[in-house]
Structure formats: structure tokens, C-alpha cells
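**Q** build the 3D model from these lines:
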Amino acid sequence: MKITYKQTTDQITTDMLEGFFDGWPSPPSTDKHLELLQKSSHITLAIDENTQQVVGYITAISDQVLSAYIPLLEVLPDYKNNGIGSELIHNLLDQLKGLYMIDLLCDAPLQEYYKKFGMQPVSGMCIRNYSKQNGE
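**A** Numbers count the residues shown, from 1 in each chain. Coordinates of the predicted model:
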């Protein structure tokens, strides 16, 4: 398996984004997925060179002065445990390395995973409008 990484949605089509948001009760469509990638300030995509499918992605939203927030990281189930998620994180953190703060919210069981990348647990607050989960 040969995976390439890119930081742009150039030549990415909605049919290359099938299978993401696994387990979400109301997932975004592939059109909305492409739109969220295009509107994110920073992205990295993992592409399987054999199938030309996007098999993983990570996004960041940033003011590009002091701060960034990483809302999404996902690797397709068949590609997990191959280092793709780690490579996506390393690539994105490299893009954000000049910023003061990089924030990410995750469930407690995932905190150990993110500690490997120099992140530390902090307290936070959030609002989740589940009726808007699909981006409509």
C-alpha cells in the first residue's frame, strides 16, 4: 500500500470521499465533506495511490496569527493501524508549528494517543448542535 499526502483539495472529487464519518447518526454528504475540506484553513489528505481514494484526512481552522483548532481527524476503517493517522497529525502540526496554541477536543480514552504528539489534557467547554451534524 502506497499512501501519498497532500495539503490541497485540487483534483479531489466527491466520489473520492466515500466511507467517512463512520458511525455518525447523521453524517455529512460527500458534497459537504468536500466543502468543509475546502473551507478549512489547513488540511492534509492521505490518498491511496492504487485506488486514488482519500483514505484519511485532518483539518484545522486557524486565525493564522496565534491559534488553531483541529476539529477532525479520520482514517477509513480498512486503513487504520498503518501509521496514517500519525502521519496526518505530524503533517498538520508541521503546518501549524509557528502558532502559540493548537487546540483539539477528544474523548478521554483518546488523550493517550494525542499525548504522543506533545499534546496535553486541558479543561474545555463545547456546544454540540446534533441537529446540524450533517452540515445542512
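
**Q** correct me if wrong: M101 contacts L66.
**A** Yes. Assessed by C-beta atoms under 8 Å, M101 is found in contact with L66 at 6.6 Å. C-beta coordinates here come from the backbone N, C-alpha and C atoms, glycine included.

**Q** which residues of the chain fall in strands?
**A** Using DSSP state E, the strands of the chain run over 3-6, 42-48, 53-62, 67-75, 101-103.

**Q** of all the ones you listed, which lies closest to R128?
**A** Ranking the strands of the chain by proximity to R128 (C-beta to C-beta) places strand 67-75 first, at 11.9 Å.

**Q** buried sites along stretch 68-77?
**A** For stretch 68-77, the neighbour count (16 or more other C-beta atoms under 10 Å) marks 68, 70, 72-76 as buried.

**Q** of all those, which comes closest to L92?
**A** Nearest to L92, judged by C-beta to C-beta, of the buried residues of stretch 68-77 is I70 at 6.8 Å.
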